[in-house]
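Asks: Sharing a sequence plus its predicted fold:
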Amino acid sequence: MGKKGSSTARKQRRGKVDQFSRPIPKRLYNNKKRTKGRQKQEVVKKHYHEMLERLKYIKGLIKQMVEEGEKLTDDNWIKVVRKYDDHKLIFDDYEKQLMFRYVR
């Protein structure tokens with residue numbers, strides 16, 4: 001058992017094999033290493049940057065409305081926002097809540 005035992009013990013210390021000498025996979029859940037050319041990564045990255053740009057734009061709208069002293073209500077919010085919105089965006093509930101939180 002000389003060499004074989006010491007080699008197994010060394011592999012166990014380094015985390016290469018378990019207590020029964022079975023190899024331990026580097027990535028247990030098939031989470032593949034991210035590589036530069038993966039299409040899915042590029043799509044996620046694109047959506048992330050679009051979302052950040054949209055939030056920056058909405059932050060700018062909010063800043064303009066606050067500086068002008070606008071008041072938002074459920075009845076007038078779309079009219080007030082359209083006065084400052086050049087891109088004519090369609091706002092979702094989260095973005096609407098942000099506007100109501102900061103523009104009072």
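Replies: Yep, that arrived.
Asks: just the helices in this protein please.
Replies: Shown for the chain, the helices assigned by DSSP state H span residues 2-13, 39-68, 77-84, 93-102.
Asks: Please produce TSV containing those, extended by mean neighbour count and mean pLDDT.
Replies: To be clear about C-beta, it is placed using only N, CA and C from the backbone, and glycine gets the same treatment. Below are these laid out as TSV (neighbours: other CB atoms under 10 Å; pLDDT from 0 to 100):
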stretch	mean neighbour count	mean pLDDT
helix 2-13	11	73
helix 39-68	12	91
helix 77-84	14	91
helix 93-102	13	90
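Asks: need those helices in CSV with distance to residue 23, can you?
Replies: CSV is the format used below for the helices of the chain (distance: least, CB to CB, whole Å):
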stretch, distance to residue 23
helix 2-13, 8
helix 39-68, 28
helix 77-84, 59
helix 93-102, 46
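Asks: Which one of those helices lies nearest to residue 19?
Replies: Among the helices of the chain, the nearest to residue 19 by CB to CB is helix 2-13 (6.9 Å).
Asks: Let me know the distance separating residue 98 from residue 17.
Replies: Residue 98 sits 52 Å away from residue 17 when distances are taken as CB to CB, to the nearest Å.
Asks: and what of residue 39?
Replies: If you measure residue 39 against residue 17 using CB to CB, the figure is 35 Å.
Asks: residues contacting residue 7?
Replies: Neighbour list for residue 7: empty [criterion: CB atoms under 8 Å, 6 or more residues apart in numbering].
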